[in-house]
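*Asks:* Generate a structure from the sequence data that follows.
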Amino acid sequence: MNNIILPASGLALVLYAVAFALLWRHLNTRLHQTGDNISGAPPSVSGIAFVAAALGLICQFLATVSALIQNEPVMSLNLSLLAVSSLVTCVIVGVTAISTLRVRADNLMLLCLPLAAISLGALSLIPAGNTQPIALDSAQIGHILLSISAYAALMTAALQSVLIALQERRLRTPQTGLIGLLPPMESMENLFITMLWLGVGLLTLSIVTALGETLNEPVTILSYQEVAIGTGSDAQAICIVSIEDREEGQRCYGIGLSRNTTTTAFNAVISAMNRRWSNS
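*Replies:* Next comes the predicted model:
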């Protein structure tokens, strides 16, 4: 499986370069023409750049998974610094790209794509070292990778808050440069909320998978959905979980409701397990 690291990484680097060049060229042109704050590329340029970045992200994900997961002689997880760094930047690009689907802020990709390219180049060109793979089953590997991805998404939200702080400072003392390329303050705050929700969702999902393993029951979590009900301080989260008994093939559903997203996930899993136990 490691044979696909180099070709997948090379293709990802080319696609990232195309996406970066399209966005930078257009934003640089508009900056010189108008001198105004840039909120994003037009739909045509943005769409092509987004497709190129998405394809590059898929290639990077394949290369990263190939470096992290080894199937011979047994399934194991290789948590080398380069592989984990590539996974973190992969999540950063993915979270930013998903967030910009809601709020037009393509300019942030100009900050994320170089980070992803650097980590991917290091993964492809620098020897992996002597990191000892850890023999784990697929469920344990999935939980660990979900946890790393969750903290990477939350780190992205934290970096977004830093950018908001810098932008707020710019409002008081106007500056030029990269800060001037950031989207409007309202868009940045909406992006922060979206990134935070994605991070919390991934973290909750990792906790749910760990809970399934901790209960030591022969079940598999088939689906997990969590949405917010209401807005403001009265908002609540509802979680719907589907589990399947690996021995009997029985499928059960559970629902949780709480103002705390983690508590909601716990309630949903326990609800599904209670339904399974009552039917057995």
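
*Asks:* so for whichever helix or strand residue 87 is part of, what's the average pLDDT?
*Replies:* Secondary structure assignment for residue 87, by DSSP states H and E: helix 81-102. For helix 81-102, mean pLDDT rounds to 86.

*Asks:* Can you list the helices and strands that that helix packs against?
*Replies:* The contact analysis (3 or more Cβ pairs under 8 Å, 6 or more residues apart in numbering; DSSP states H and E) places helix 81-102 against helix 43-68, helix 109-125, helix 138-172, helix 185-214. Where you see a C-beta, it was placed from the backbone N, CA and C, and this is true even at glycine.

*Asks:* show me what contacts the most centrally placed residue in the chain?
*Replies:* Nearest to the geometric centre of the chain sits residue 91, at 3.6 Å (Cα atoms, centre = their mean). If you count contacts by Cβ atoms under 8 Å, 6 or more residues apart in numbering, residue 91 has them with 148, 149, 152, 153, 156.

*Asks:* and the helix holding residue 87 with helix 43-68, angle?
*Replies:* Counting by axes from the mean of the first three to the mean of the last three Cα atoms, to 10 degrees, helix 81-102 lies at 150 degrees to helix 43-68.

*Asks:* and this structure, what are its domains?
*Replies:* 2-206, 218-279 (automatic domain parsing).

*Asks:* Most tightly packed of the ones you listed?
*Replies:* Of these, the one with the most neighbours on average (mean count of other Cβ atoms under 10 Å) is domain 2-206, at a mean of 18.

*Asks:* if we can go back for a sec, now, the most widely separated pair of the contacts of residue 91?
*Replies:* Longest distance between any two of the contacts of residue 91 is 12.8 Å, between 148 and 156; criterion Cβ to Cβ.

*Asks:* I'd like to know which elements the host helix or strand of residue 18 is packed against.
*Replies:* Using DSSP H and E, residue 18 maps to helix 5-34. If contacts are counted by 3+ Cβ pairs under 8 Å, 6+ apart, helix 5-34 sits against helix 43-68, helix 109-125.

*Asks:* residues in contact with the closest residue to residue 160 other than its chain neighbours?
*Replies:* Closest residue to residue 160 apart from its sequence neighbours, by Cβ to Cβ, 6 or more residues apart in numbering: residue 192 at 4.6 Å. By Cβ under 8 Å, 6+ apart, residue 192 lies in contact with 157, 160, 161, 164.

*Asks:* Can you give me the distance of residue 192 to residue 198?
*Replies:* 11 Å (Cβ to Cβ, to the nearest Å).

*Asks:* got any ranges where the stretch 101-250 of the chain has weak pLDDT?
*Replies:* 104-106, 128-129, 170-183, 212-213, 215-216, 232-233 (pLDDT under 70).

*Asks:* Please report phi then psi for the residue nearest to residue 261 when sequence neighbours are not counted.
*Replies:* With sequence-adjacent residues excluded and distances taken as Cβ to Cβ, 6+ apart, residue 261 is closest to residue 237, at 4.7 Å. For residue 237, the backbone dihedrals are phi -110, psi 140 (criterion: degrees, to the nearest 10).

*Asks:* returning to what we had before: if you compare the directions of the helix holding residue 18 and helix 109-125, what angle comes out?
*Replies:* 160 degrees.

*Asks:* pLDDT (mean, whole number) over helix 5-34?
*Replies:* Here helix 5-34 scores 80 as its mean pLDDT.

*Asks:* OK, contacts around the nearest residue to residue 55 once chain neighbours are set aside?
*Replies:* Once flanking residues are discounted, residue 55 sits nearest to residue 15: 5.1 Å by Cβ to Cβ, 6+ apart. Applying Cβ under 8 Å, 6+ apart to residue 15 gives the contacts 52, 53, 55, 56, 59.
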